[in-house]
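K.L.:
Sharing a model that was predicted from the sequence below.
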Amino acid sequence: MLVNRTNYTEIVKQLSEGQVLVAVSKTKPAEAVLELYELGQRDFGENYVQELCDKQAALPADIRWHFIGHLQRNKVKYIAPFVHMIHGIDSERLLEEVNKQAQKLGRTIDVLLQVHIAKEETKFGLDEAELSGLLDKASAGNFPYVRIRGLMGMASFTEDAGQVGREFSFLSGLYDQYAERHSFTVLSMGMSADYPLALENGSTMIRVGSLLFGAREKTQ
């Protein structure tokens, strides 16, 4: 077995109606994705464009592929034809590029705006002012081929549960502030180490990898 079926069953049990598990399959073989697929999982997340394209071509067509990594603008065109959702929109220029590629294809691409909530400077994301400005432009019709489904954020990498909880609570508050006005349905936060805390704070989508597939393979 390439996946931890016990962990998968336990995580799924903890989800309420409307909450989604994205199985993070980055660096894992297609066979592992297929094993989880056969248990009923349909939402999978990838961090690398080439790996995502390779897996999408090789695996069942009804898989919903989520791009969850830091996306470079010049690579949007490769995933635009099939991606189910792009999680990490962290700049207006990236959103413009997704809109442009979606227009070429005649489709609407679902995205999440990434908010910087962690203490680490290495994390990507919009601040509150940038988020507000981008949503105003979206409301004005600047990105007609993009549908902003909600917000995404990554908490600090720390064992301080109090800090992580505060960061999730902050993002949840921002989500509540904008949700009704912008028809949000997705608050994506929580990974293998902190997803229970994220669910407590209102997350509707968690991204779990190592609990399902084991430790990530090191890339060169």
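P.N.:
Nice, thanks for sending it over.
K.L.:
who's in contact with the residue nearest the centre of the chain?
P.N.:
The residue lying closest to the centre of the chain (C-alpha atoms, centre = their mean) is residue 87, at 3.7 Å. Residue 87 is in contact with 45, 66, 67, 68, 111, 112, 114, 152, 188, 207, counting by C-beta atoms under 8 Å, 6 or more residues apart in numbering. Where C-beta positions appear, they are placed from N, C-alpha and C, glycine not excepted.
K.L.:
Identify, from these, the entry nearest to residue 124.
P.N.:
In terms of C-beta to C-beta, no member of the contacts of residue 87 lies closer to residue 124 than residue 114, at 6.0 Å.
K.L.:
one step back: would you agree the residue nearest to the centre of the chain falls within a strand?
P.N.:
Yes. Applying DSSP: H, G, I helix; E, B strand; the rest coil, one finds residue 87 inside a strand.
K.L.:
Among the contacts of residue 87, list the two that are farthest apart in space.
P.N.:
Going by C-beta to C-beta, the pair spanning these furthest: 111 and 207, at 15.1 Å.
K.L.:
okay, these two: which has more neighbours?
P.N.:
residue 111 (28 against 24; other C-beta atoms under 10 Å).
K.L.:
Checking my notes, that one in a helix, right?
P.N.:
No. Residue 111: not assigned to a helix; according to three-state DSSP it is strand.
K.L.:
confidence score at it?
P.N.:
Confidence at residue 111, expressed as pLDDT, is 98.
K.L.:
Looks like it contacts residue 95 (just checking).
P.N.:
Yes. With contact defined as C-beta atoms under 8 Å, residue 111 counts as touching residue 95 (7.1 Å).
K.L.:
List the residues that contact the closest residue to residue 127 other than its chain neighbours.
P.N.:
Leaving aside its sequence neighbours, residue 127 sits nearest to residue 116 (C-beta to C-beta, 6 or more residues apart in numbering; 6.0 Å). Residue 116 sits next to 90, 123, 124, 125, 126, 127, 153 when contact means C-beta under 8 Å, 6+ apart.
K.L.:
Residue ranges in the protein under the pLDDT threshold?
P.N.:
Scanning the chain for pLDDT under 70 picks out 120-123, 216-220.
K.L.:
what's the single longest helix in the chain?
P.N.:
helix 161-182 (DSSP state H).
K.L.:
Which elements pack onto it?
P.N.:
When contacts are defined as 3 or more C-beta pairs under 8 Å, 6 or more residues apart in numbering; DSSP states H and E, helix 161-182 packs onto helix 128-139, strand 146-152, strand 186-188, helix 195-200.
K.L.:
got any residues that touch both of residue 111 and residue 95?
P.N.:
Common neighbours of residue 111 and residue 95 (criterion: C-beta under 8 Å, 6+ apart): 89, 146.
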